[in-house]
Every structure is written in structure tokens, then in C-alpha cells.
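Peer 1: model this:
(one chain, ligands or ions: 1)
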Amino acid sequence: MTQSRERVVYQPAGRRVRLDPDKTLLELATMAGVGIEASCGGKGTCGACRVKVDGEATAPDHSEVESLGTFAGEGFRLACRARPRRGLTVWVPEESRRHQQVILTTGDRLEVPVDSAVPARGLGADSDGPLLGLAVDLGTTTVVAYLHELRSGAALAVETAMNPQVAHGDDLISRLAFGSSDRNGRETLTRLARQCVNALARRACRTAGVGPERIFHCVLVGNTAMHHIFLGLDLAGLTRAPFQPTACDAREVPAAALGLEMAPEAFVTTLPLKAGFVGADAVAVALALGADGVTEPTLIADLGTNGELILATPGAMVCCSTAAGPAFEGGHITWGMRAAPGAVDGVELPSVDLPPRLSVIGGRAPLGICGSGLVAAVHALLHRGVLGPQGRFAGDVSGPWVRRGPEGPEFVLADAAHSGTGRDLVLTRRDVSELQLAKGAVHAGVALMMAELGLDSVARVLLAGAFGNYLDPVDACGIGLFPGVTPERVRGVGNAAGAGAILALLNRGHTERAGKIAQDMRYLELAGDPRFGPAYAKGLLFPAGSAASAP
Ligand code: FES
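Peer 2: Alright, predicted model coming up:
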């Protein structure tokens, strides 16, 4: 039987798992690596597994309503009782999360011995108030802040925001162009980044019922551009080859000097970075996922417009960045969009004569297709023989869903009557080419790193970041994204950069470890490497139809 393409999404962790209507939301949470309190072991009597459900689940029975008490009727359910009917979102409130001081990284739960730099320096010792710390993942598109108590390590709040700099360029290149146009441009971006961190800190503190003046330490990670912008460093080196950072070292700066509204003696630590396109976020990912202590060859990939790749073996780490282009984020695709409500994020094609089955974020009529949907669609088309290894539509395939459009052959994802736009949502040959460019770049980067370490296979692939979290391993392998990897070796690991920042916040030993990782990790410069061109050309090809595994 074909498994459902619909997903259950657990927030705020952002973890996803395939819908299985026979499993409870508690069982599915375990499969997704999300810890929910279950004091009674799932008997429905303790009420500790209370979650808020956004979507269609089985109806609560009398005993569940009784156990929920005043929460019944507000969308709350017992995770151990409710089963999903359709794809839905489960919000796990702070009080229902298991072991708040535990950081979720690789899907395994890791205990973090708390040894913060703050009590060690005697900061805040003159009062009985909480000692707070803020870990910040400053991304090009989104910013996430995690508020923790630094004696216990307890997680108090997680807040997210769109990066307000998007008003000055959606992608990194246009952002850098604005920031390096003149001094005002860079100062504007710097001010916006710091204001955003302040706003998130205030919100997190409000959630936790404390004041931001109790924050004594902030650990910030981000890609090299975000890191430089936040610290107010010169961006010129990042705008032209060889894309040299102004500084790579870990830094400690008084929070007040950066305009952060925290305790007067608070300080900010930025983790080290490796290169122009391998930033402190990549180092944080390597830290969280234990790249420096793997027992088998492990590929860590954070895929976006710029793919950051790390290959670790026992005793060696190599990294590179590869310009994948915007396809993984839905850019340059006819009906492309970010992974937001209304985006097609999964596609199944039972037959070329039947309408495709779509998974749509938020369960609404489709508005467009995001990166993971694009990968799924192309995989389905390869599997059905509609597309060939070169990415061309096969000439002999035609029907209501594969037809000739104004630009040549096209695949109809949803017709006008079923789309949320009132127009046909289609995938064209040009869209497939955009995905090939992204795939070719990643494939080539991985192939060259494997050659560097003398490997002909990797034991596991860990996908960090938003796209990796949404990407179905079966689809990733179905389009041949990574050389010689099968789906069971691939898994999403959520926001590992944020997890790395939290590790460094809670334990000063991890800050030192981050420095060692940045030092020991070898950087492979792909630009100008004569092996890159042939590897890229090879990477553009999809597996042949029979080799494209079943979706
Ligand atoms: S685990 Fe106790 S009520 Fe659900």
C-alpha cells in the first residue's frame, strides 16, 4: 500500500513525520524525535501530553474531555488519544515538552551538562533573580531566538521573526549589494539585525515573565554575511572573489556596545566561521551534530541558495559551499514559492492519466510549489518515465496532466478549478532545468569532498535547515541529489544551527569546541577546481527511470 504523503508537523520544533492514521499524535511525535511529556505512559489520565491541534483529528471521547478540563474546546487535545485524519500541525506548549534542558539535535536526545560562562564569571550573583541567556540563529530569511535559564539550562521560550533586512533584498547577494553600496547601507542592515534581536529578546522575556535585564549572555550564529552585518564588520571582501571574510575568529563583545538591551554587564559571543560561504551557522551545525566525533562517514548538508556541505569521518572533516541557486527555495520556478501555507510540498503521481496527489502546507488549495514539492514532482515524473535522465519530457507521453503548453511540454500540478489561484499550476521544462542546476551543484560538491577523503560512499546524510527538514529522503534520493546514497541513510535534523548556538550558550566547553571544529575542518574551494566542471556535468543527470526509486 502506498504511504500517505500528508504530514504531521510538530511546532515549534518544525519536525515533520508522515501521517499514519493508526498512530496517536504521541506515537508520531516520538517518530519525529519530538519529546512530549507522558507521565501516565499514554493512558489518557495524567493530562501531561496536552497539545494544540490545528487540523482534522479523531474526535475526543468523554474521558479525554474530562481530563482536559478547562482546556477542552480550545483546540487542545491529549496527544496520547488523538489520531490524525489529515495532515495537521501540532503545537507543543512549553509545559508539555519533555526535559526542557535537553537539546534536540540529531533526532537523538542529548543531555547537555550545564556549565555556562555566566555563573562562572559571577555575573548576576548579587540578586536572586534568574540568570538568562539568549541563543540566536540569525538567518538570511528568518531569525530564531531561544531563551534559557543558565543555572538549570531550562528552555523558557523560543521566538521567531522574519529578518527585517528582507526589505533590502530577498537573497544574500542583493542584501550584500545593498550593504556594500555605501556606509549607510551596511549601517541600516546592522541596525535592523540588532533591533530584531532586541525585539525577539523582549518577546521571549515576556513569554517567560522576566525582564531582558536578566539576560547576561547572548550566543549568536549566522552565515558569514549575517555575522559581519551584526558585528558591523566591513562587507567588501564578501562581494567579490575570492569572497574573503573580514574576520573568522570567535568574538566576545559587550552587549551594550552592540545596542542590545540586556543586563549592563551582558556579553555577546559569536561563534567562529570558516570562509565567505561557510559561516558560523555551519560551524554551529557541525557542533550540534557532533561532526568532530562521528564514528562513520557522515555528510551534513544545509541546502538553500548556497549549499553548505560538511563531510566528516572519524579523524577528518572537510567542508565546502556550493552555489545551488534559488530552486530549493522555490525561486526561479514558474509557480515557485517559499515553504509557506498554500505551497505544494509533496507530489504523488499514481499514473500519467490520473490527477497528481498533492500535499499542500496548511491543507488548503495550492498556490504554488516549494523546493521539496519540486523535488517530489520531478521524482514522480522520473519514476513514471515522463522525464528522462537529461530532464527532458519524453516525446511519447501525453495526457490531461502532461501536455504541450506555451513553453513546450508541461506537467499540470493542479488545474484552475482546483488551484488556489484560479489558474493552472504547471511545471515546465525550464523549472526542471532550474532544479537540475541546484542538484548538479550539490552533487558535485559532495563528490569532490568524497574524493578528498578517499570515500566512495557515506553511511548517513543529515539534512539541516528548513529545506532539509521538508525534503523527503525518498524524493531526494529519487532525483539522485547525493552520490550513491539510499533514503534510509538520510534524515532531517531541524534547526541544527540554533541547537549549536544553544550548546555554546549552556556550556562554555562547547564554545571552545566550536573553535576547534572551525580550525580542524578543511575548506575545499570549488571555484577554480578543475574537477568541478566534470563533476557538475555528471551531477546534472537524473537517475534513469527504472533507477529512480518508487516515490
Ligand atoms: S500521557 Fe498521560 S494523558 Fe496522555
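Peer 1: didn't residue 365 look like it was pressed against residue 416?
Peer 2: No: the pair residue 365 / residue 416 is not scored as a contact, 10.7 Å apart, by C-beta atoms under 8 Å. For every residue, glycine as well, the C-beta is placed using N, CA and C.
Peer 1: more neighbours, the two?
Peer 2: Using other C-beta atoms under 10 Å, the more surrounded residue of residue 365 and residue 416 is residue 365, with 16 against 11.
Peer 1: what sits against residue 156?
Peer 2: 94, 132, 147, 148, 149, 204, 207, 208, 210 (C-beta atoms under 8 Å, 6 or more residues apart in numbering).
Peer 1: Would it be right to say that it lies in a strand?
Peer 2: Yes: according to DSSP: H, G, I helix; E, B strand; the rest coil, residue 156 belongs to a strand.
Peer 1: just use 22 as the starting number from now, easier for me
Peer 2: Okay, residue one is now 22; in that scheme the one you just asked about reads as residue 177.
Peer 1: Would you quantify the distance from it to residue 444?
Peer 2: 46 Å (C-beta to C-beta, to the nearest Å).
Peer 1: Repeat that for residue 243.
Peer 2: For residue 243, the distance to residue 444 - C-beta to C-beta - is 38 Å.
Peer 1: and what of residue 413?
Peer 2: For residue 413 relative to residue 444 (C-beta to C-beta), the value is 25 Å.
Peer 1: Next to the ligand, which bits of the protein? Give me the list.
Peer 2: Proximity of the chain to the ligand, by C-beta under 6 Å from any ligand atom, involves residues 59-61, 63-70, 99, 101.
Peer 1: which ones among those are found in strands?
Peer 2: Of the residues of the chain next to the ligand, the ones assigned to strands by DSSP state E are residue 99.
Peer 1: who wins for neighbours among the residues of the chain next to the ligand?
Peer 2: Among the residues of the chain next to the ligand, residue 99 has the most neighbours (other C-beta under 10 Å), with 30 neighbours.
Peer 1: Now for that one: which residues touch it?
Peer 2: Here residue 99 is in contact with 65, 68, 70, 71, 72, 81, 85, 88, 89 (criterion: C-beta under 8 Å, 6+ apart).
Peer 1: what about the fifth one, helix or strand, and which?
Peer 2: Residue 72 is part of strand 71-75 when elements are defined by DSSP states H and E.
Peer 1: State the mean pLDDT of the helix or strand just after that strand.
Peer 2: Following strand 71-75 in sequence order, the next helix or strand is helix 83-89 (DSSP H and E). Averaged across helix 83-89, the pLDDT comes to 88.
Peer 1: now swap in stretch 385-403 and tell me
Peer 2: In this model, stretch 385-403 carries a mean pLDDT of 93.
Peer 1: In helices only, show me the residues of the chain next to the ligand.
Peer 2: Of the residues of the chain next to the ligand, none are assigned to helices by DSSP state H.
Peer 1: so where's the longest helix in the chain?
Peer 2: Under DSSP H, the chain gives helix 204-229 as its longest helix.
Peer 1: Could you point out the helix or strand that follows it?
Peer 2: strand 236-243.
Peer 1: For the chain, which element, helix or strand, carries the lowest mean pLDDT?
Peer 2: Scoring the helices and strands of the chain by mean pLDDT, DSSP states H and E places strand 124-125 at the bottom, with a mean of 30.
Peer 1: Could you tell me how many residues sit around residue 113?
Peer 2: By the measure other C-beta under 10 Å, the count of residues near residue 113 is 24.
Peer 1: Comparing residue 243 and residue 444, which residue is more hemmed in?
Peer 2: Per other C-beta under 10 Å, whichever of residue 243 and residue 444 has more neighbours is residue 243, with 28 against 11.
Peer 1: Who does that one form a beta bridge with?
Peer 2: residue 159 (DSSP bridges).
Peer 1: give me every residue that touches it.
Peer 2: 157, 158, 159, 160, 251, 300, 301, 302.
Peer 1: do residue 35 as well
Peer 2: 487, 490, 515, 516.
Peer 1: For residue 520, see how far away it is.
Peer 2: Residue 35 is 12 Å from residue 520, where distance means C-beta to C-beta.
Peer 1: Check residue 342 too.
Peer 2: 21 Å.
Peer 1: same check, this time on residue 317
Peer 2: 21 Å.
Peer 1: Neighbour count: the two, which is higher?
Peer 2: residue 520 (25 against 11).
Peer 1: Could you check how many residues crowd around whichever residue of the stretch 422-571 of the chain sits closest to the ligand?
Peer 2: Nearest residue of the stretch 422-571 of the chain to the ligand: residue 515, at 23.3 Å (C-beta to the nearest ligand atom). The tally of other residues near residue 515 (other C-beta under 10 Å) stands at 26.
Peer 1: mind checking pLDDT for it?
Peer 2: Reading off the model, residue 515 has pLDDT 83.
Peer 1: Just to check, residue 299 is in contact with residue 341?
Peer 2: Yes: the pair residue 299 and residue 341 qualifies as a contact (C-beta under 8 Å) at a distance of 7.3 Å.
Peer 1: where do the contact lists of the two overlap?
Peer 2: residue 544.
Peer 1: out of everything not next to it in sequence, what's closest to residue 32?
Peer 2: Spatially, and ignoring its direct neighbours in sequence, residue 32 is nearest to residue 112 (5.1 Å; C-beta to C-beta, 6 or more residues apart in numbering).
Peer 1: Any idea what that neighbour is bridged to?
Peer 2: residue 32, residue 73.
Peer 1: what sits against it?
Peer 2: Contacts for residue 112 (C-beta under 8 Å, 6+ apart) come out as 32, 33, 72, 73, 74, 75.
Peer 1: at 10 Å what do you get?
Peer 2: 30, 31, 32, 33, 72, 73, 74, 75, 96, 97 (C-beta atoms under 10 Å, 6 or more residues apart in numbering).
Peer 1: and what of residue 307?
Peer 2: The contact partners of residue 307, by C-beta under 10 Å, 6+ apart, come to 295, 299, 313, 321, 329, 331, 333, 338, 340, 485, 517-518, 521, 534-535, 538-539, 541-542.
Peer 1: Likewise for residue 442?
Peer 2: 356, 363, 386, 387, 388, 389, 435.
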